[in-house]
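>>> Here is the input, now give the coordinates:
(one chain, ligands or ions: 2)
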Amino acid sequence: MSAAQPPPDDRVRAYIGLGANIGQPALALRQAMAAIAALPGTVLTRQSASYRSAPLDAGGPDYLNAVVEVATGLTPEALLAALQDIERVAGRTRPYPNAPRTLDLDLLLYGDAHIDTPSLTVPHPRMGQRAFVLVPLAEIAPERVSPRQLAALTSQVIARIPPGADDEDLATGASHD
Ligand code: ADP
Ligand code: MG
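Ligands and ions are numbered 1, 2, ... in the order given. A predicted model of the protein is given here:
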């Protein structure tokens, strides 16, 4: 029997935030979700709708964001490394903080773990200030977000893109006649 795939009971429920605002954001998010679902010992169990929002503390095009839930046997460090590999394949560069990005993958929550190392902080330190994280997270895991947290962020405007909508066009602001 192979030890590579842990039984489901050994898996931890983790939440990953996805964002993109240059290139083809809707395609980048779809491909990232497929890549996450294909990670070893990992099952993608839920995905939020996509949301569009203006950049916070930065210029550039609007962002497309989503959150997914996984059940994973990977350690938090291995999961972060795998997410960074997926970012790299998507052409991610880091020229300066908050630069526009083809793909950003943040590890938001890893079970109930609290982690604080030089390369990894979980829960993600800025998720509580970001509607584009908390609103899609609340959609798939309402028990992980309090109404008070959401109420504090209502000034941040984000638009939910209904699943099945032509999100490629919506992401670029294109309209049909
Ligand atoms: P940001 O997403 O904050 O705009 P980056 O994606 O460039 O910035 O990430 C910068 C660094 O943040 C990464 O090198 C990574 O090691 C670190 N980091 C710390 N905690 C986390 C986390 N929970 N999820 C993703 N990256 C994290
Ligand atoms: Mg990041």
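>>> For the protein, which residues are neighbours of ligand 2?
The chain comes close to ligand 2 at residues Asp104, Asp106, as judged by CB under 5 Å from the ion. All C-beta atoms are positioned from the backbone trio N, CA, C, and that covers glycine.
>>> residues from the chain in reach of ligand 1?
With CB under 6 Å from any ligand atom as the criterion, the chain meets ligand 1 at residues Leu80, Arg94, Asn98, Asp104, Asp106, Leu107, Ser119, Leu120, Thr121, Val122, His124.
>>> Tell me the pLDDT of the first one.
Just to be clear, that refers to Leu80. At Leu80, the predicted lDDT confidence score is 98.
>>> begin at 26 from here
Done: numbering now begins at 26, and the last item shifts to Leu105.
>>> tally of neighbours for it?
By the measure other CB atoms under 10 Å, the count of residues near Leu105 is 21.
>>> Let me have the residues of the chain next to ligand 1 in a markdown table, adding secondary structure as columns.
Below are the residues of the chain next to ligand 1 laid out as a markdown table (DSSP: H, G, I helix; E, B strand; the rest coil):
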| residue | secondary structure |
| --- | --- |
| Leu105 | helix |
| Arg119 | coil |
| Asn123 | coil |
| Asp129 | strand |
| Asp131 | strand |
| Leu132 | strand |
| Ser144 | coil |
| Leu145 | coil |
| Thr146 | strand |
| Val147 | strand |
| His149 | coil |
